[in-house]
Structures are given as C-alpha cells and as structure tokens.
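Q: Here is a sequence with its predicted model. Questions after.
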Amino acid sequence: MTSGIISEIRRFCTHDGDGIRTTVALKGCPLRCRWCHNPETLTSKPSLAFAAAKCVRCGRCVSACGSGVHEIKNGEHVIHRAACTGRGECERACPSSALKLYGERITAEEAVRRALTDRPFFDNSGGGVTLSGGEPLFQPEFSLEIARQVKAEGVSVMLDTSGYARPEVFDRFLPVVDKLLFDLKIIDGERHRDFTGADNAPILNNLARAVEFGSEIEIRTPVIPGVNDAETDFAAAADFLKDIGFKGRVKLLPFNALASAKYAALGLDYAFGGEEKQSCDKMRRYSDFYASIGIDCVVG
Ligand code: SF4
Ligand code: SF4
C-alpha cells in the first residue's frame, strides 16, 4: 500500500477550490517562499507547534516525552526542538491544546477514508477533495494514489500546486485531477530564485503544458508586498498567460501577516511578520487590469 506524510486533513474548506472541500495537506515542499503561509508543511519531518499563550505549565508534556524535548525552567516552558522524534505523546498529554504535532504517516486508503467523511457536503455544494501542502507533487506516488481513489469514488479532486516538479511527474496528474489550482508567483527568473529558492522554468513549462493538455486551471497569485506587487509584475504575468493561451480565471490572494503566529509557534523567524496587508485599492487596480485585457480575475 502506498503511504505518505500529511500535515493535516482540514474539513469544510471554502477557499481551496469549488464548493465545500476537504483538504489533504501533504508535508514537504521543494520551495522556500519567504512569505509562505504554511510553514508547518515545509519539511517532511514532524513539526511541533507550541502556543505559549495556552500553556498552563503543568509539566505533563515533560513526563510524557521520552526525548527530553520539554522543560519547565524558572516557570517558563522551554522546548528543545532538535530532540523531537515526532511521536506526539506530549500533544496527547497536554490538557490545554498548547501543543500540536504536524506530520503523520498514513496510507492513501486511510487519507481517502478520512477525506470522504464529509461526502454529503461535497454532493450538495459541488465540492470535493483538494490535495495541497506543502507541495503534493513532492510525494507524487502518494498524491496520485489519493487522487485516483477519490476520482474512482466519483468525487471531484483538485490539485493545489506550485507546479514545481519534473515534467514526467507533473504530466501523470493531468488526466486524473479535475482542476489545477496553480500558483504563479513571479515571472522574473532571478527574482523567483531569490524569493523562493527555486528556478521557475519548470513551473512555467508545466503550466504551459497543462494549458496545452486542456486542464481546467485556476491561477493563484499571492500578492506579496515588495515581491510581486508592482505593475510590471502583473504585466509580465499577463503577457505570459496570453502567450501560452491561458483561458481560465486568475485569483489574486492579497498578503496578510496572519501566519506570524504559526511561525512563532514553530520557533521560526518570519521575514514578512511586520508587513501590512495589501490594500483593497491595489487589489482592485490589478483585478481591473486583468479584466481590461480579457482575463477573468477575482480577489480571494
Ligand atoms: S502539557 Fe501543555 S499546558 Fe502542560 S506544560 Fe506542556 S504544553 Fe504546557
Ligand atoms: S510553494 Fe507554497 S508551501 Fe511551498 S514554500 Fe511556497 S508558499 Fe510555502
């Protein structure tokens, strides 16, 4: 049986594709977007989040963990993350939900079983299951097996992806998924490398091939202050989409700094923690720009 590592399975999602959906968030991503809103999914290893405000310093996690990760020192809860082996005893022992471990190895069958729990809601809303992350293409066999099984059940399956994968991996998903939610972040190759740590040539090539294949695609662009929110960025993206014959919808996702709390809970620094959220005026200007050149655009 094919198995893989998930971060979590989120129910009743309304922003991960059409209708009411269950999102299977897979762990692991080859990119390192500096603004990433899902830092708990970046590595394939378990990630332990600690919400200090909820901790009552009862010390139960100290006794439950056999690896010495937790310590109460001078009345403060200290975490030695490097020692964490990801067994999750501390999370189960915590009486105040201050701890959450992201990262569980499960089979594709189990992921599908859990994902289809809310099937009646999918049927009534035009919803289904979305594979997200992290990057689902980072665990291709696992993701593909889930997608195939969901589809075999007659339920819609969508792939939320950065598009960063080898073409022979990416192409296997095209006949299986009903819709791609495809991130298009930065067209300029050098700046893409600078802000995400990865080359965008494979991403742009995969998007062009998906258009040629005839996939239903929603482009998603997170609009990040000082990264891709200049008029030249939007003009370059529009030119590229026109060049490849893209006919679908573009969804602009205005930046907000809500992920700051997640970074703090994971003990990570967040480069964009002090940024303001994008202004409505700017988002309206860019959606009007897309509309003016015949590209359907919404702000999400
Ligand atoms: S078990 Fe939970 S509440 Fe108690 S010390 Fe550990 S994290 Fe804090
Ligand atoms: S591709 Fe998505 S999950 Fe991966 S680093 Fe970028 S924003 Fe985060």
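A: The structure has been received and is ready for your questions. Ligands and ions are numbered 1, 2, ... in the order given.
Q: Identify the bridge partners of the residue of the stretch 101-250 of the chain found nearest ligand 1.
A: Across the stretch 101-250 of the chain, no residue is closer to ligand 1 than Leu101, which sits at 11.8 Å (CB to the nearest ligand atom). All C-beta spots, glycine's among them, are computed from the backbone N, C-alpha and C. Beta bridges link Leu101 to Leu48, judged by DSSP bridges.
Q: Would you mind listing what in this protein touches ligand 1?
A: 55-61, 70, 77, 93-94, 96, 98-99 (CB under 6 Å from any ligand atom).
Q: For ChimeraX, what selects the buried ones among those residues?
A: Buried subset of these, written as a ChimeraX selection, criterion 16 or more other CB atoms under 10 Å:
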select :55,60,61,70,77,93,94,98,99
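Q: Secondary structure and pLDDT added to the residues of the chain next to ligand 1, as TSV?
A: Output for the residues of the chain next to ligand 1, formatted as TSV (DSSP: H, G, I helix; E, B strand; the rest coil; pLDDT from 0 to 100):
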residue	secondary structure	pLDDT
Cys55	coil	97
Val56	coil	96
Arg57	coil	95
Cys58	coil	95
Gly59	coil	95
Arg60	helix	97
Cys61	helix	97
His70	strand	97
His77	strand	95
Ala93	helix	97
Cys94	coil	98
Ser96	coil	97
Ala98	coil	98
Leu99	strand	98
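Q: Now the residues of the chain next to ligand 1 in JSON lines, please, with extra columns for distance to Phe213.
A: Output for these, formatted as JSON lines (distance: CB to CB, whole Å):
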{"residue": "Cys55", "distance to Phe213": "50"}
{"residue": "Val56", "distance to Phe213": "54"}
{"residue": "Arg57", "distance to Phe213": "55"}
{"residue": "Cys58", "distance to Phe213": "55"}
{"residue": "Gly59", "distance to Phe213": "56"}
{"residue": "Arg60", "distance to Phe213": "53"}
{"residue": "Cys61", "distance to Phe213": "49"}
{"residue": "His70", "distance to Phe213": "50"}
{"residue": "His77", "distance to Phe213": "51"}
{"residue": "Ala93", "distance to Phe213": "49"}
{"residue": "Cys94", "distance to Phe213": "47"}
{"residue": "Ser96", "distance to Phe213": "49"}
{"residue": "Ala98", "distance to Phe213": "46"}
{"residue": "Leu99", "distance to Phe213": "44"}
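Q: that older thread, how many neighbours does the residue of the stretch 101-250 of the chain closest to ligand 1 have?
A: Residues contacting Leu101 under the criterion other CB atoms under 10 Å number 20.
Q: Same check on Gly75?
A: When neighbours are counted by other CB under 10 Å, Gly75 comes out with 6.
Q: how far away is the nearest residue to it once chain neighbours are set aside from Ile72?
A: Nearest residue to Gly75 in three dimensions, chain neighbours excluded: Arg57, at 6.6 Å (CB to CB, 6 or more residues apart in numbering). According to CB to CB, to the nearest Å, Arg57 stands 6 Å off from Ile72.
Q: try Leu184
A: With CB to CB as the criterion, Leu184 and Ile72 are 47 Å apart.
Q: the strands in this structure, which residues?
A: Using DSSP state E, the strands of the chain run over residues 3-13, 21-26, 47-50, 70-73, 76-79, 99-102, 104-107, 128-132, 156-161, 179-183, 217-223, 249-254, 296-299.
Q: Surely Leu116 is in contact with Val129?
A: Yes - counting by CB atoms under 8 Å, Leu116 touches Val129, with 7.4 Å between them.
Q: shared neighbours of those two, which are they?
A: Thr22, Val150, Val155 (CB atoms under 8 Å, 6 or more residues apart in numbering).
Q: Distance to Arg220, pLDDT and neighbour count added to the residues you listed, as CSV?
A: CSV is the format used below for the shared contacts of Leu116 and Val129 (distance: CB to CB, whole Å; pLDDT from 0 to 100; neighbours: other CB atoms under 10 Å):
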residue, distance to Arg220, pLDDT, neighbour count
Thr22, 19, 98, 25
Val150, 21, 98, 28
Val155, 22, 98, 20
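Q: confidence score at the nearest residue to Gly127 once chain neighbours are set aside?
A: Among residues not flanking Gly127 along the chain, Gly19 sits closest, at 2.9 Å (CB to CB, 6+ apart). pLDDT for Gly19: 97.
Q: what sits against Gly19?
A: Per CB under 8 Å, 6+ apart, neighbours of Gly19: Phe122, Ser125, Gly126, Gly127, Gly128, Ser156.
Q: Tell me how many other residues crowd the fifth one.
A: Which is Gly128. 29.
Q: show me the contacts for it.
A: Gly17, Asp18, Gly19, Arg21, Thr22, Phe122, Val150, Val155, Ser156, Val157, Met158, Asp178.
Q: From Ala165, how far off is the last one?
A: Taken as CB to CB, the spacing of Asp178 relative to Ala165 amounts to 19 Å.
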